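Visitor: My questions are about this predicted structure, shown below with the sequence.
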Amino acid sequence: TQLLEQSPQFLSIQEGENLTVYCNSSSVFSSLQWYRQEPGEGPVLLVTVVTGGEVKKLKRLTFQFGDARKDSSLHITAAQPGDTGLYLCAGLSGGYQKVTFGTGTKLQVIP
Amino acid sequence: EAQVTQNPRYLITVTGKKLTVTCSQNMNHEYMSWYRQDPGLGLRQIYYSMNVEVTDKGDVPEGYKVSRKEKRNFPLILESPSPNQTSLYFCASRSPAETQYFGPGTRLLVL
């Protein structure tokens, strides 16, 4: 079974601070996705990275896929209360059919 | 509006009483999937389906069945529920561009 470990598990920061969430595995994935989940709702896709070393930016969020396609990071600049939520990474394999989710990082941004 | 719907949203049942959670999508997606979400374990894939009459096991298929008789529907069947199947369940469907859309979730309690 493929595993994706996220760190940290919990993060509580002040508004305006920067943070990085890590997603690590010993397995190679075809692509990797990041989701955000609000309480009582399903996860919502933020980004998909496909190529090793790829970097994608979404406003204040920067996503990077490791060169070996085994790990990824999410960096948030100048965090805002609206960024509060559960962040999940997910690795796709087996021709994009199997999806392995990470354990999640619960982020709280305090105004 | 593009959406994935699940019913029921909340369900309390007793051990051994067969139940079905329905899932329907209106986006003509070929790929659909079921996940369960448990604290500390993240989302784990139960079953997925590539197309009508094509289904395969995910990481935690024991105790579950699925069927895909129509493209839009992908019901999850628990023939004999047990307390360890108490969880939050999500159905999802995906476009060819790999944007996965999740339903709102079904919270199941098995007594």
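Guide: Arrived safely, thanks for sending.
Visitor: How much space separates B:E53 from B:S24?
Guide: B:E53 is 17 Å from B:S24, where distance means CB to CB, to the nearest Å. For the C-beta atoms, the positions are set from N, CA and C on the backbone; glycine is no exception.
Visitor: Equivalent analysis for A:Q9, please.
Guide: 34 Å.
Visitor: The closest residue to chain B within chain A in helix, strand or coil?
Guide: Chain B sits closest to A:G42 of chain A, with a gap of 2.9 Å, by CB to the nearest CB. Under the three-state scheme (DSSP: H, G, I helix; E, B strand; the rest coil), the conformation of A:G42 reads as coil.
Visitor: before we move on, what about the one 3 residues further on?
Guide: The three-state assignment at A:L45 reads strand, by three-state DSSP.
Visitor: isn't it right up against A:S31?
Guide: No: assessed by CB atoms under 8 Å, A:L45 is found out of contact with A:S31, at 11.7 Å.
Visitor: middle-most residue in chain B, spatially?
Guide: The C-alpha lying nearest the average C-alpha coordinate of chain B belongs to B:W34 (CA atoms, centre = their mean; 3.3 Å).
Visitor: And the pLDDT at that residue?
Guide: If you check B:W34, the pLDDT there is 97.
Visitor: which bits of chain B sit near chain A?
Guide: Residues of chain B lying near chain A by CB under 8 Å from any CB of the partner chain: B:4, B:31, B:33, B:35, B:40-45, B:48, B:50, B:56, B:58-59, B:90, B:92, B:98-105.
Visitor: Show the buried residues in the residues you listed.
Guide: Listed as buried from the residues of chain B next to chain A are B:4, B:31, B:33, B:35, B:42-45, B:48, B:50, B:58-59, B:90, B:92, B:98, B:100-103, B:105; burial here means 16 or more other CB atoms under 10 Å in any protein chain shown.
Visitor: shaky segments in chain B?
Guide: Within chain B, the ranges that satisfy pLDDT under 70 run B:96-98.
Visitor: Output the longest strand belonging to it.
Guide: strand B:42-51 (DSSP state E).
Visitor: and if you look at chain A?
Guide: Longest strand in chain A, counting residues (DSSP E): strand A:85-93.
Visitor: partners of the residue nearest to B:T99 when sequence neighbours are not counted in the sheet?
Guide: Leaving aside its chain neighbours, B:T99 sits nearest to A:L45 (5.6 Å; criterion: CB to CB, 6 or more residues apart in numbering or on different chains). Beta-bridge pairing for A:L45 (DSSP bridges): A:Y35.
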